[in-house]
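Participant: Below is the sequence, then the predicted model.
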Amino acid sequence: MGIDGSSALPGPVFDKDDLLAQLGKVLPEGCLLVDEEDLRPYECDGMTAYRQLPLIVALPDSEAQAQAILRICHARKVPIVPRGAATGLSGGAMPHRHGLVLSLAKLKKIVNLDPVARTAVVQPGVRNLAISEAAAAHALYYAPDPSSQIACTIGGNVSENSGGVHCLKYGLTVHNVLRVRGLTIEGEIVEFGNAALDAPGYDLLALINGSEGMLALITEITVKLTPKPELAQVVLASFDDVTKAGDAVANIIAAGIIPAGLEMMDRKAIHAVEPFVNAGYDLGAEAILLCESDGTPEEVDEEMARMTGVLKESGASGIRVSQNETERLKFWAGRKAAFPAIGRISPDYLCMDGTIPRKNLARMLKAIAEMEQRYGLRCANVFHAGDGNLHPLIMYDANVPGQLDLATAFGGEILELSVELGGSITGEHGVGIEKIVQMCAQFSPAELEVFHALKRAFDSDGLFNPDKAIPTAARCREYRLIRDSAGGADHSAPGGA
Amino acid sequence: MRGLGDACLERWADRLRAASAGQTPLRLCGSGSKDFYGQSPCGEIFDTREYAGIVAYEPTELVVTARCGTPLARLEEILAEKGQSLAFEPPHFGAGATVGGCVASGLAGPRRAQAGAVRDFVLGVKILNGQGELLNFGGQVMKNVAGYDVSRLMAGSLGTLGLIAEVSLKVLPVAVAEQTVCFELTQDKALDLLNRWGGQPLPVSASAWSEDVLHVRLSGAAAAVSAASRTLGGQRVDHEDAYVFWRGIREQQHVFFAGEVPLWRISVPSTSAVLALPGAQLIEWGGALRWMRGPDAVADRAVRRAAEQGGGHATLFRAEQTLKAEYGVFQPLSAPLARIHRQLKHAFDPQGIFNPGRMYPEF
């Protein structure tokens, strides 16, 4: 269901009792939830602003059970919303009111880990970090490390094409997955990719990554494991001006260095994090950069020398290099705790996820500062500077009437500006339900129709995760009408703040 | 103000609309350097070379945007001026190879196992569909999960889904240092070593084994390359010779590829044991790519079965048209995958005008 309550699907056309009776035959006891108190925990994901109770929650513990569920539901045209750990930040796992939430939480086995081939075959409910933990004995790890890696599952990572703080050098989820086994909406087993480095035909594996649970149900994944670098070191640089910090990032890249991690935080983010984590960040700085180098000790030495040189020349007001692993983790702890730190100083916050060409960073930050004034809301910024992925954290209080709407409008304006500046409305969190309106800003009606046609090629009845990610043509017409009557680029804050 | 490019795209749009209306199959073609690849090309030739040029290149953003007809060599030259490159080291297979053909064929060179495939570096595309509409997917940023990843889907689609007009690629700095070393080894020993090295943080950027000689290229920071070179041992290869050797592997000018005997490309997990096949083999990608020169009489089933048993697939990469028609170029797809392929093709190209039959005869 859309935020506005509209749905491309008609109401239920099936008999709920019959559906439950059939599902009861294929699922063990306790794996089918229907009572409101049991359904309640499933009403939202990490995007808590949007909630909806599903009709049913099913928790299969095998691919065969998942297959049986899909066959039963497909025959009755029941919408299916796949769900992992529900750490998603865009409402991608928000239930459908007439649908079934298919939780993959019980499929959490590491099926096989091959240290020689450097691959792991895992079920979708395996946590991201659990893969690296299992691989550690072989000096290997799974490279993509979203901040939620303790809790988030690999199935969810594939569905969202998750990133992390090391993806400039090590890639996104799509670069680290070799094969996805899944079920079509009809319940047929299908494999995208294989155990080799490529597969015949179209690159459907690339399509499945980031498809937000709308093309197939994932039941098994083969991930690539990466040899653990012998050494990693991070440099923490302070700047008295965000533009200088942005230029420093460009200068590092121009020097031919691809750091293992390259993160930026602005003044507000530093001030939220430092009292919480005591990472040692410079409270006098306008921005800090975290630049990591990894590899052999010789390699790290060479790169750190070049990197600190560039940072100094770029006008860093302070530079600290981690002296040991404890200190390196301490420097990172602040960045990794940025979201909870904001949660500590504000009752609620919205996390945006736009990407922009890095050269436009200063312009974007200036625009955000102006929006803060206009909307009367604070916004802290953390930035995957290496790959241009900005996370503005808009602080609001849901108990103050109107503030959620203000925060939503604020966020929407940031995303539209991201598109205007040559970027995208989402870098790694997905569109889900949250950014579906802004899809109309990024794509033309003809482009959106390609997405719909592509979806139909996999799921002709539109039963997998309905009404997410790709807006209907009607929705976009409405959006354009409102935008154009408001005067295009001349954004005015609702409520005249 | 409208540029020459716009006029070209407008003409192309008219031609595509006319082709759709008349259901006229088109054979999208740059210089034709990869005409040998895939099922036999058919249809009216649609030359893409007119739409050429670099649209934008920002070295500090690690992104280059080029029109489809841009010569690949020209693009590589421009990147090299800024100390950057296409990390997937694409083969040209001819002096006139274009950027469009590079992406449409989806072929990567020796660096693939370390750096990634073409699709891993595609950030965005503009495509023309059969209605002559210019559609924009992805963009010029590293991370973008808005909508389905249509731009990566274009890599390796052999021009069957639409006309790739423009593409944005991620570029990377050229390694500071490079050293090739070689060893005399049997195939099974070479495979064993390559897999062992693969599990260590070594800067191996290419490998090639044939006729009991294994070449390994190391690329990276100077200190890392010299340290790794000491760890690996072997005989050091002179830089000029190494350059010629790796170019020969990439462009299939190496003696292994000479002659008219059919060439199979077998993609398997790097750990697959030596494939018991009757032809000579050349191994790349740390063991994950096995080339085989099959005697004419070799039944395709033996090759395809060996590939499938290893968890991979086999492509009849170079062969006479009659042999390709008989065996099929690409490994057959499972029933659900074949259905999704047909439906995807129909979704993108309902009139079936773009390179019909180039990938699989049925679409």
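Facilitator: Looks like it came in fine.

Participant: got a list of what the spatially most central residue of chain A touches?
Facilitator: Nearest to the mean C-alpha position of chain A, counting by Cα atoms, centre = their mean, stands residue A:429 at 2.4 Å. Contacts here follow Cβ atoms under 8 Å, 6 or more residues apart in numbering or on different chains; on that basis residue A:429 touches A:88-90, A:160, A:351, A:353, B:145. All C-beta atoms are positioned from the backbone trio N, CA, C, and that covers glycine.

Participant: residue ranges with poor pLDDT in the chain?
Facilitator: Because you didn't say which chain, this covers chain A. Low-confidence segments of chain A (pLDDT under 70): A:1-8, A:487-497.

Participant: wrong one, I was asking about chain B
Facilitator: Ranges of chain B meeting pLDDT under 70: B:1-4, B:296-300.

Participant: Walk me through the domains of it.
Facilitator: Domain ranges of chain B: B:7-173+B:344-348, B:177-250, B:261-319, per automatic domain parsing.

Participant: got the residue ranges for the helices in the stretch 1-150 of chain B?
Facilitator: B:4-22, B:72-81, B:99-105, B:112-115, B:118-121, B:150-154 (DSSP state H, counting those that start in this stretch).

Participant: Which elements pack onto the fourth one?
Facilitator: When you say that, I think you mean helix B:112-115. Helix B:112-115 makes packing contacts with strand B:204-210 when contacts are defined by 3 or more Cβ pairs under 8 Å, 6 or more residues apart in numbering or on different chains; DSSP states H and E.

Participant: ditto for the first one
Facilitator: When contacts are defined as 3+ Cβ pairs under 8 Å, 6+ apart, helix B:4-22 sits against strand B:122-128, strand B:163-170.

Participant: In contact with residue 166: list those residues for me.
Facilitator: Just going to use chain A. A:143-145, A:260-261, A:292.

Participant: ah, I was thinking of chain B
Facilitator: Residue B:166 neighbours (Cβ under 8 Å, 6+ apart): B:55, B:65-68, B:125-126.

Participant: Might you enumerate the residues of the stretch 151-300 of chain B proximal to chain A?
Facilitator: For the stretch 151-300 of chain B, the residues in contact with chain A (Cβ under 8 Å from any Cβ of the partner chain) are B:152-153, B:155-157, B:161, B:172-174, B:176, B:195-196, B:198-202, B:220-224, B:226-228, B:267-271, B:285, B:288-289.

Participant: Going through those residues, which ones are buried?
Facilitator: B:152-153, B:155-157, B:161, B:172-173, B:176, B:195, B:198-199, B:201-202, B:220-221, B:223-224, B:227-228, B:267-271, B:285, B:288-289 (16 or more other Cβ atoms under 10 Å in any protein chain shown).

Participant: Which members of these are positioned in strands?
Facilitator: B:172-173, B:220, B:267, B:289 (DSSP state E).

Participant: Considering the residues you listed, which is situated nearest to residue A:187?
Facilitator: residue B:267 (29.1 Å; Cβ to Cβ).

Participant: hang on, that closest one packs against residue B:304?
Facilitator: No - taking contacts as Cβ atoms under 8 Å, residue B:267 lies outside contact range of residue B:304: 11.6 Å.

Participant: Which neighbours do those two have in common?
Facilitator: In contact with both residue B:267 and residue B:304: B:313-314, using Cβ under 8 Å, 6+ apart.

Participant: and residue A:445, how many residues sit next to it?
Facilitator: 12 (other Cβ atoms under 10 Å in any protein chain shown).

Participant: which residue sits closest to it in space, ignoring its chain neighbours?
Facilitator: residue A:473 (5.9 Å; Cβ to Cβ, 6 or more residues apart in numbering or on different chains).

Participant: do residue B:360 as well
Facilitator: Residue B:360 sits nearest to residue B:330 (Cβ to Cβ, 6+ apart), 6.5 Å away.

Participant: The one you found against residue B:307, yeah?
Facilitator: No - counting by Cβ under 8 Å, residue B:330 does not reach residue B:307; the two are 11.2 Å apart.

Participant: and for these two, which residues touch both?
Facilitator: Common neighbours of residue B:330 and residue B:307 (Cβ under 8 Å, 6+ apart) are residue B:313.

Participant: quick one, which of these two is more surrounded?
Facilitator: Higher neighbour count among residue B:330 and residue B:307: residue B:307, with 27 against 21, using other Cβ under 10 Å.

Participant: any idea how far the more buried one is from chain A?
Facilitator: 8 Å (Cβ to the nearest Cβ, to the nearest Å).

Participant: That residue - that's part of a strand, no?
Facilitator: No - applying DSSP: H, G, I helix; E, B strand; the rest coil, one finds residue B:307 to be helix, outside a strand.

Participant: ok, it - contacts?
Facilitator: Contacts of residue B:307 (Cβ under 8 Å, 6+ apart): B:266-268, B:275, B:313-314, B:331.

Participant: Give me the nearest residue to it, chain neighbours excluded.
Facilitator: In space, residue B:307 comes closest to residue B:314 once its chain neighbours are excluded; the distance is 3.9 Å by Cβ to Cβ, 6+ apart.

Participant: Tell me what the one you found is bridged to.
Facilitator: residue B:266 (DSSP bridges).

Participant: Excluding chain neighbours, what is closest to the spatially most central residue of chain B?
Facilitator: Nearest residue to the geometric centre of chain B (Cα atoms, centre = their mean): residue B:107, 0.6 Å. Excluding its sequence neighbours, the residue lying closest to residue B:107 (Cβ to Cβ, 6+ apart) is residue B:91, at 5.6 Å.

Participant: what about the one you found, distance to residue A:104?
Facilitator: 40 Å (Cβ to Cβ, to the nearest Å).

Participant: Can you measure across stretch A:351-360, start residue to end residue?
Facilitator: In stretch A:351-360, first residue to last residue: 20 Å (Cα to Cα, to the nearest Å).

Participant: Which helix or strand contains residue A:69?
Facilitator: Using DSSP states H and E, residue A:69 sits in helix A:63-76.

Participant: What is the burial count for residue 302?
Facilitator: Answering for chain A, as no chain was given. 19.

Participant: oops, chain B please
Facilitator: With other Cβ under 10 Å as criterion, residue B:302 counts 15.

Participant: residues in contact with the nearest residue to residue B:125 once chain neighbours are set aside?
Facilitator: Counting by Cβ to Cβ, 6+ apart, residue B:125 lies nearest to residue B:151, which is 4.3 Å off, once chain neighbours are set aside. Shown here is residue B:151, whose contacts under the criterion Cβ under 8 Å, 6+ apart are B:122-125, B:137-138, B:167-168.

Participant: what's the closest of these to chain A?
Facilitator: The closest of the contacts of residue B:151 to chain A turns out to be residue B:137 (Cβ to the nearest Cβ; 6.8 Å).

Participant: rewinding a little: got phi/psi on the residue nearest to residue B:107?
Facilitator: phi -70, psi 150 (degrees, to the nearest 10).

Participant: hmm, which of the contacts of residue B:307 are the buried ones?
Facilitator: B:266-268, B:275, B:313-314, B:331.

Participant: among those, which two are most distant?
Facilitator: B:275 and B:331 (14.6 Å).
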